[in-house]
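here you go, sequence then predicted model.
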Amino acid sequence: MINLLRSASRVSAVLAMLMYFNTFRLLRAGPARPAIARDYFFISARVMRLLILLCGLLLGLGIAQAQVRDFDRITESGILRVALYQNFPPYSYEQDGQPRGVDYELAKALAEGLGLQLEVMWAPPGEKLDDDLRDYIWRGRVTAQGKLADVMLRVPYDRDYAQMRNELGELVNERVVMFGPYQRERWQLAFDRRRLPEVPSIVALRQHPVGVEVESVPSFYLSSVQGGMLSQETRHYPTPKLAFAAMQGGEVDAVMALRGEVDWLLHEANDPQLALAENAYPDMGRQIWEIGMAVHETNRQLAYALEEQLENLILDGSLERLYARYGLRFEKPEQYQ
């Protein structure tokens, strides 16, 4: 923000010099130019007023920049503000105007464990996770009216990602602490036995159309694996839910997405002919990862308190029962196995 203000100030100064230089140049050019110069001067003055207004607006935004609430302020407020991904079933979504999903119910349980009420900040996914962490954990969004979330759920718990650096060698997420893994996630294939008897390996998908979400890992994987063997069979849809609906409608014979999404869609469909494949995914790289939470790097006290509540929910089976209500298999993070 400070750099932005400095840049705006420099631009204003340069424009002002150019405007007044041109005004005097016109005045010196001859008797026919004073009227033009006068009009130019008044136009320049209007532009300058607009530039001053812009600088004031930028300064106001800098002053109103979102502030991180420490643990004491959170407990005093009685509210835990949690960022959840918007329209991301079965994890966090709204149904009939009411919030639902395993992440929503987990957030509510964590808040209640701390004696707090839950306030949800719905987070439309950005292009990158870095953008989401910036917008909801450490800098804030202009449209959020100065609010930051106290914690964000469904963040990869991954040391390599936490230590990722940019082209200047700076830590990309130095203002964020990632902690509290609460599940393991992986990719999953579901298929319709009426058109595809079994899937012992991905070779079985040849000559069988497979639905995937556009620009997703399954999309890139199926389009390129084994020399593009399945590229002609890969069908793209805006969401896994629409890909699954295409399988139910006979457009595709299988669907590949996150295991939690596939589990939930099968649970909702309640069709015994739709089955889960147990095949491997050769040449895919990392196929299992852990999901956790994130807070601002100054808010470690909150992280410790949340981790304590989370451990209780995992060890007493509450989290596994929560996942089961949505038809999801629950795989404990490595540290609890």
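All right, it came through fine.

contacts and neighbour counts: CA atoms only from here.
Will do.

point out where the protein drops to low pLDDT.
Applying pLDDT under 70 to the chain flags the ranges 1-66, 141-146.

which stretches in it count as strands?
In the chain, the strands defined using DSSP state E lie at 79-85, 93-95, 98-100, 117-123, 151-156, 176-192, 210-213, 234-237, 254-258, 274-276, 288-296.

mind checking how far the second one is from the chain centre?
Centroid displacement of strand 93-95 relative to its chain, using C-alpha atoms, centre = their mean, to the nearest Å, is 17 Å.

list the buried residues of that strand.
Residues of strand 93-95 classed as buried: Tyr93 (neighbour count, 16 or more other C-alpha atoms under 10 Å).

next: stretch 232-249.
233-237, 239-248.

got a list of what Arg329 touches?
Counting by C-alpha atoms under 8 Å, 6 or more residues apart in numbering, Arg329 touches Gly260, Asp263, Glu320, Tyr323.

okay if I get those residues as CSV plus distance to Pro218?
Listed next are those as CSV, based on distance: C-alpha to C-alpha, whole Å:
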residue, distance to Pro218
Gly260, 14
Asp263, 16
Glu320, 26
Tyr323, 23
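
now render those residues as JSON lines, adding neighbour count and distance to Ile314.
Shown next, in JSON lines, are the contacts of Arg329 (neighbours: other C-alpha atoms under 10 Å; distance: C-alpha to C-alpha, whole Å):
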{"residue": "Gly260", "neighbour count": "24", "distance to Ile314": "17"}
{"residue": "Asp263", "neighbour count": "23", "distance to Ile314": "20"}
{"residue": "Glu320", "neighbour count": "18", "distance to Ile314": "7"}
{"residue": "Tyr323", "neighbour count": "22", "distance to Ile314": "11"}
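
and Leu328, how far from Gly101?
Applying C-alpha to C-alpha, to the nearest Å, the value for Leu328 to Gly101 is 11 Å.

end-to-end on stretch 188-208?
17 Å.

again with stretch 279-298
With C-alpha to C-alpha, one end of stretch 279-298 sits 43 Å from the other.

what do you get for stretch 238-256?
Rule used - C-alpha to C-alpha; the end-to-end distance of stretch 238-256 is 13 Å.

off-centre distance for it?
24 Å.

okay, now the closest residue to Pro181 other than its chain neighbours: neighbour count?
Distances taken as C-alpha to C-alpha, 6 or more residues apart in numbering place Gly292 nearest to Pro181, at 3.8 Å, with adjacent residues excluded. A count of neighbours around Gly292, defined by other C-alpha atoms under 10 Å, yields 20.

repeat for Glu334
12.

what about the helices in this protein?
Secondary structure of the chain, counting by DSSP state H: helices at 2-28, 34-63, 71-77, 102-113, 129-133, 159-162, 217-228, 240-248, 259-269, 300-315, 318-325.

how about the fifth one: buried residues?
In this case it means helix 129-133. Asp132, Leu133.

got the domain boundaries for this protein?
Following automatic domain parsing, one gets these domains for the chain: 2-63, 71-184+289-336, 186-276.

redo the strands of the chain as JSON lines? Include distance to Glu307.
JSON lines is the format used below for these (distance: least, C-alpha to C-alpha, whole Å):
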{"stretch": "strand 79-85", "distance to Glu307": "14"}
{"stretch": "strand 93-95", "distance to Glu307": "24"}
{"stretch": "strand 98-100", "distance to Glu307": "22"}
{"stretch": "strand 117-123", "distance to Glu307": "17"}
{"stretch": "strand 151-156", "distance to Glu307": "12"}
{"stretch": "strand 176-192", "distance to Glu307": "5"}
{"stretch": "strand 210-213", "distance to Glu307": "33"}
{"stretch": "strand 234-237", "distance to Glu307": "37"}
{"stretch": "strand 254-258", "distance to Glu307": "25"}
{"stretch": "strand 274-276", "distance to Glu307": "33"}
{"stretch": "strand 288-296", "distance to Glu307": "9"}
